[in-house]
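**Student:** Sequence first, then the predicted structure:
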Protein chains: 2
Amino acid sequence: MDRLTISEVNLARTGAQPSLALKPLSYKQYDAFKSPHSLKYNPSKLSLKHLSVESQQFSGASLKKLATPSPSCPAIQLCTGRPNADHFPWKSFQSGPETVTKSMETPRNDSESNGPYELTSMLDYGHAAGSPQLLRFITEHVELVHNPPYADWGTCLSSGSTSALDISLRIFCNRGDNVICEQFTYAGFLEVADLFGLKTRGIDMDNDGIRPVALRTLLKSWNWVDGDRPHVLYMIPSGQNPTGVSQPAERKAEIYTIAEEYDMIIIEDDPYYFLNLDTGNVGSSPRPESLNNLTPSYVSLDTSGRVVRLDSVSKILAPGLRAGWVTANDSIISKFLSYHEVSSAFVSGPSQLMLIELLDETWGHEGFFNWLQSLSKKYRQRRDIMIEACKAHLPKSLCNWSIPSSGIYIWVQINTEERANYSSVVSTLDTESEDSRLCIENRIQANAFEKGVQVTNGSMFEANTYGNQGLNFRLTFATADEALLYTGVRLFAEAIKEEFNEVSHSAVP
Amino acid sequence: MDRLTISEVNLARTGAQPSLALKPLSYKQYDAFKSPHSLKYNPSKLSLKHLSVESQQFSGASLKKLATPSPSCPAIQLCTGRPNADHFPWKSFQSGPETVTKSMETPRNDSESNGPYELTSMLDYGHAAGSPQLLRFITEHVELVHNPPYADWGTCLSSGSTSALDISLRIFCNRGDNVICEQFTYAGFLEVADLFGLKTRGIDMDNDGIRPVALRTLLKSWNWVDGDRPHVLYMIPSGQNPTGVSQPAERKAEIYTIAEEYDMIIIEDDPYYFLNLDTGNVGSSPRPESLNNLTPSYVSLDTSGRVVRLDSVSKILAPGLRAGWVTANDSIISKFLSYHEVSSAFVSGPSQLMLIELLDETWGHEGFFNWLQSLSKKYRQRRDIMIEACKAHLPKSLCNWSIPSSGIYIWVQINTEERANYSSVVSTLDTESEDSRLCIENRIQANAFEKGVQVTNGSMFEANTYGNQGLNFRLTFATADEALLYTGVRLFAEAIKEEFNEVSHSAVP
């Protein structure tokens, strides 16, 4: 076996400190948590030219570094304004996993079961990378799942992927830069890119994600009048937001090759990676081998250290924690830590403690994978209900929708070419006009809302301001109570039909 | 009485919803929590020209706004990718205040005692402004303490003052701008200002903070070759970091007048405001009237809405929560919320829940003020120990130190003019040379560390790169165990004496 396994982790942990002190010793503490397997790779070879003017010389906040002294330092601290632990007003803290989860709990070695975690550590200033105990778990997790094929990879916690994305752009982009993304992409990315004065260039997509030919064409025939050729490629490779598309392994390999050729940074925003809707048969024993069914991530192909992978607990555990993690090469991770020191500082102590109690002390890696598999099954069931409702209620000649193999979104495309055949209530509007397209979209959305269902307009996700982007809606099966999903789609379908005077034909051939 | 009192809050609360849903209805939800007293003031009159190019058109993230729907909205949510509450793996949460605190607990009206807080709300996406229950408490608190004298003030939570400061500069400053601050100031401010390409202009200080004459001179005789005249003034008015100086009411009034005259934004970074070391006699019954002993803040003088006040729980409750709050006019608060939506999103749910349980459900306003007063007493005791140690051990002819009336810092100035009288081990070095000053500073710091005490070099806090800033050290009495404070100062004093060959004179006249 040439990569880390769960049993190796368990073996390594037998002799290890069960509960590490909250404060790591160094910025690259994660190195201590990587297995010997990861030493066999070559170092990354990313050029510093990728860094923004702002981030190039930036090394973080000196006082924040001083505030996390070595636990072994015996000096009397008259140095940083850190309140003495006696002055914290909380003396107890407890969070509990649900019972279903507990029943899946893997029995851990006795030597690893921890006493009550030191509450005061959690209330004190923490480290920009995260507490060692959580960082150890995350580093092991990243190696187990992604096994990045270069030597100097690292991880750090983020205050959620929204924050990590903001920091990614601060690290890599200058005002006026062009950045590449999918034709339809996460609205939050478009908004922060706009805030930073970036120009987004959306690449056409097919059912496997962005089209390599389109990407290569843009880069090859780059019009230098528009500014420098983009050196950042932002993608959501699994259960893409908003289209629901997942990139297969071959597609990722093709795109990665182009990124190598044109020396691009890939920001892999992958919060839906583990919500794998096509595996995990109901009734089968949940096993970590299910990992083998996951499409390899970009970071697992990354021999150069050009991928910045963003993970988030928001979709797989709970968004309220504001936590996630970043995987990238050492020099990029160290920039993340610097930005943490002048922004969110570190992930909330109570959030970290809840994650430690759940992931490290209760579940372990196997338990976490089991949770992800069982969660995927729940989402699969929700997806199936919604797809069934789409089949039953959306007019087929007007609407297309794909069946997502990951994530939580269904993308409904309305076939506007066919629209001319219908006696539309908006027939007076010019179908080619941008205004009329947005007007129809808004009216369908508003009518659906009136009927009692809230859907998201596809125009929110358009990366390009030119070209006809079509009439699209994003539906999610993650939020509503399961019993309401079917009705929700039915009401949405009614709104579409009403828009195109299709009310009487409840089933279109 | 023309301003809000605690008994009025308690009265208003009697009929109010005890536990509000986590999601506010609107961005200006705080308006619902302000008392009728606050309606008597005129609106703010701040010009939009203060906003940075970046922030001017920025209105935040549309999906984040959609993710916090009105609790009364009955529509089926197929809209935002928010996990259904059934899919969160935690089912219990509990945090407890310490027993000392509990004994100070003010009995609350029965109608106000809450059942278990809805855990799922805390695990879900929250609002950029904070949960309504906490926002209500904070809004009431701000009105009780500061009573801002204009109509359209507001509050929102921040992910700590480090994050709020980062966002403040993003809101107000363009690359290349000049910003004004104290001659010695928080190193984190200098570092983030440098990151943003800002030029800091430190204003001379005396024992009451920055000197109004020096501020006026800089502005009046502004050299336009250096760029636009600064329109942002950053200050730490209480227990200043690093000098420990607190601005008296008259000084604040003078500075505010100048800010009015030159139309400047004041960023009031005030984490030590409540650590009032000159009140709260030991043994007296703790009473909220102690508030009357606090120097009025800048925001309490602010008739124009030009003050952005940053509060933090880090020094008064616990830094691990990564939480604080901002007070400013509506239009500025709305920019903060926009930036939250693309960065930290909102304060960690578990952190908010701990604050709600402690502040709103256990202590109430009176209990919180009592805590602050009792905490101040503890810090006063710590300060007194350290001052006593300074008197006993620091060579008086070489060292000056002031006695802080707020905060946690003592600033030790070494009289380098006197130094010539000592047969220094560094006599070969040019005393005027910048290198030799930093060299002496480093050597004292390193020697002190060798002896077992860690102090902070004063040069970390210098806002200006020109002029002789002297040889200074910052000591804090917040962190070390009380029993070690005295020894710490003694060891530091030894290091100073050794530097100046003063070892044999253990007590200098």
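**Tutor:** Here it is on my side, so go on. Numbering: from 1, shown residues only, chains lettered A, B, ... in the order given.
**Student:** which phi and psi does A:Val453 have?
**Tutor:** The phi/psi pair for A:Val453 (degrees, to the nearest 10) reads phi -140, psi 140.
**Student:** again but with A:Leu475, I slipped
**Tutor:** phi -110, psi 140.
**Student:** give me the beta-bridge partners of it?
**Tutor:** Beta-bridge pairing of A:Leu475 under DSSP bridges involves A:Ile410.
**Student:** doesn't A:Gln413 make contact with it?
**Tutor:** No. The criterion here is C-beta atoms under 8 Å, and A:Leu475 misses it with A:Gln413 at 11.7 Å. Every C-beta, even on glycine, is put in place using the N, C-alpha and C of the backbone.
**Student:** Looking at these two, which has the bigger crowd around it?
**Tutor:** Neighbour count, other C-beta atoms under 10 Å in any protein chain shown: between A:Leu475 and A:Gln413, A:Leu475 has more, with 26 against 16.
**Student:** if I pick that one, what's in contact with it?
**Tutor:** A:Met386, A:Tyr409, A:Ile410, A:Trp411, A:Val412, A:Val455, A:Thr456, A:Gly488, A:Val489, A:Phe492, B:Leu78 (C-beta atoms under 8 Å, 6 or more residues apart in numbering or on different chains).
**Student:** Can you select the buried ones among those for me in ChimeraX?
**Tutor:** Remark: buried members of those, expressed as a ChimeraX selection using 16 or more other C-beta atoms under 10 Å in any protein chain shown:
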select /A:386,409,410,411,412,455,456,488,489,492 /B:78
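**Student:** Out of the contacts of A:Leu475, name the ones that lie in strands.
**Tutor:** Members of those lying in strands (criterion: DSSP state E): A:Tyr409, A:Ile410, A:Trp411, A:Val412, A:Thr456.
**Student:** which among the residues you listed gets closest to chain B?
**Tutor:** A:Thr456 (5.1 Å; C-beta to the nearest C-beta).
**Student:** so that closest one sits right up against A:Tyr186, yeah?
**Tutor:** No. Counting by C-beta under 8 Å, A:Thr456 sits too far from A:Tyr186 to count as a contact (11.6 Å).
**Student:** What residues does the stretch 351-500 of chain A have near chain B?
**Tutor:** Residues of the stretch 351-500 of chain A lying near chain B by C-beta under 8 Å from any C-beta of the partner chain: A:351, A:353-354, A:358, A:371, A:375, A:378, A:408-409, A:449, A:452-456, A:460, A:475-482, A:484-485, A:487-489, A:491-492.
**Student:** Please spell out the PyMOL selection for the buried subset of those.
**Tutor:** This is the PyMOL syntax for the buried subset of those, where burial follows 16+ other C-beta under 10 Å:
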select buried, chain A and resi 351+353+354+358+371+375+378+408+409+449+453+454+455+456+460+475+476+477+478+479+480+484+485+487+488+489+491+492
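**Student:** Endpoints of stretch A:333-352, how far apart?
**Tutor:** Across stretch A:333-352, the terminal residues are separated by 19 Å (C-alpha to C-alpha, to the nearest Å).
**Student:** State the mean pLDDT of it.
**Tutor:** Confidence over stretch A:333-352 (mean pLDDT, whole number) is 94.
**Student:** Equivalent analysis for stretch A:8-19, please.
**Tutor:** Stretch A:8-19 comes out at a mean pLDDT of 78.
**Student:** ditto for stretch A:474-483
**Tutor:** pLDDT averaged over stretch A:474-483 gives 94.
**Student:** Now do that stretch: distance to the chain's middle.
**Tutor:** 19 Å (C-alpha atoms, centre = their mean, to the nearest Å).
**Student:** then that stretch to CSV, C-alphas only?
**Tutor:** The C-alpha coordinates for stretch A:474-483 follow below in CSV (Å, rounded to 0.1, in the frame of the first residue of the first chain):
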residue,chain,number,x,y,z
ARG,A,474,-32.0,26.4,-9.8
LEU,A,475,-33.9,24.2,-7.5
THR,A,476,-32.4,22.6,-4.3
PHE,A,477,-33.7,19.5,-2.7
ALA,A,478,-31.6,20.1,0.5
THR,A,479,-33.7,22.5,2.4
ALA,A,480,-37.5,21.9,2.4
ASP,A,481,-39.0,19.1,4.4
GLU,A,482,-39.0,16.0,2.3
ALA,A,483,-42.8,15.8,2.3
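**Student:** tell me the contacts of the nearest residue to A:Ala75 once chain neighbours are set aside?
**Tutor:** Leaving aside its chain neighbours, A:Ala75 sits nearest to B:Gln454 (4.4 Å; criterion: C-beta to C-beta, 6 or more residues apart in numbering or on different chains). By C-beta under 8 Å, 6+ apart, the contact list for B:Gln454 reads A:Pro69, A:Cys73, A:Ala75, A:Ile76, A:Gln77, A:Leu78, A:Cys79, B:Ala448.
**Student:** Any chance of CSV for those residues, columns pLDDT and distance to A:Lys45?
**Tutor:** Formatted as CSV, the contacts of B:Gln454 follow (pLDDT from 0 to 100; distance: C-beta to C-beta, whole Å):
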residue, pLDDT, distance to A:Lys45
A:Pro69, 50, 34
A:Cys73, 70, 36
A:Ala75, 89, 40
A:Ile76, 92, 45
A:Gln77, 91, 41
A:Leu78, 92, 44
A:Cys79, 89, 38
B:Ala448, 96, 43
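**Student:** are any of those buried, and which?
**Tutor:** A:Pro69, A:Ala75, A:Ile76, A:Gln77, A:Leu78, A:Cys79, B:Ala448.
**Student:** and whatever helix or strand A:Ser374 lives in, what's its mean pLDDT?
**Tutor:** Element membership for A:Ser374 (DSSP states H and E) is helix A:364-393. Taken as a whole, helix A:364-393 carries a mean pLDDT of 95.
**Student:** Stretch A:95-106 now?
**Tutor:** pLDDT averaged over stretch A:95-106 gives 46.
**Student:** re earlier: what about the contacts of B:Gln454, which are in helices?
**Tutor:** Among these, DSSP state H puts B:Ala448 in helices.
**Student:** Which of the contacts of B:Gln454 sits closest to B:Pro271?
**Tutor:** Using C-beta to C-beta, A:Cys79 is the member of the contacts of B:Gln454 that lies nearest B:Pro271, at 17.2 Å.
**Student:** right, and that closest one touches A:Lys65 too?
**Tutor:** No. Here A:Cys79 does not reach A:Lys65: they are 11.1 Å apart, not a contact under C-beta under 8 Å.
**Student:** Excluding covalently adjacent residues, which one is nearest to A:Leu39?
**Tutor:** A:Ala151 (6.5 Å).
**Student:** How is chain A divided into domains?
**Tutor:** Chain A resolves into domains spanning A:6-69+A:95-107+A:125-373, A:394-499 when parsed by automatic domain parsing.
**Student:** Nearest to B:Ile316, out of those?
**Tutor:** Closest to B:Ile316 of the domains of chain A is domain A:6-69+A:95-107+A:125-373 (C-beta to C-beta; 14.3 Å).
**Student:** what's the next secondary structure element after the helix or strand of chain A with the lowest mean pLDDT?
**Tutor:** One helix or strand of chain A scores below all others by mean pLDDT, DSSP states H and E: helix A:99-104, with a mean of 34. Counting by DSSP H and E, the next helix or strand C-terminal to helix A:99-104 is helix A:119-123.
**Student:** Perfect, I'm done here.
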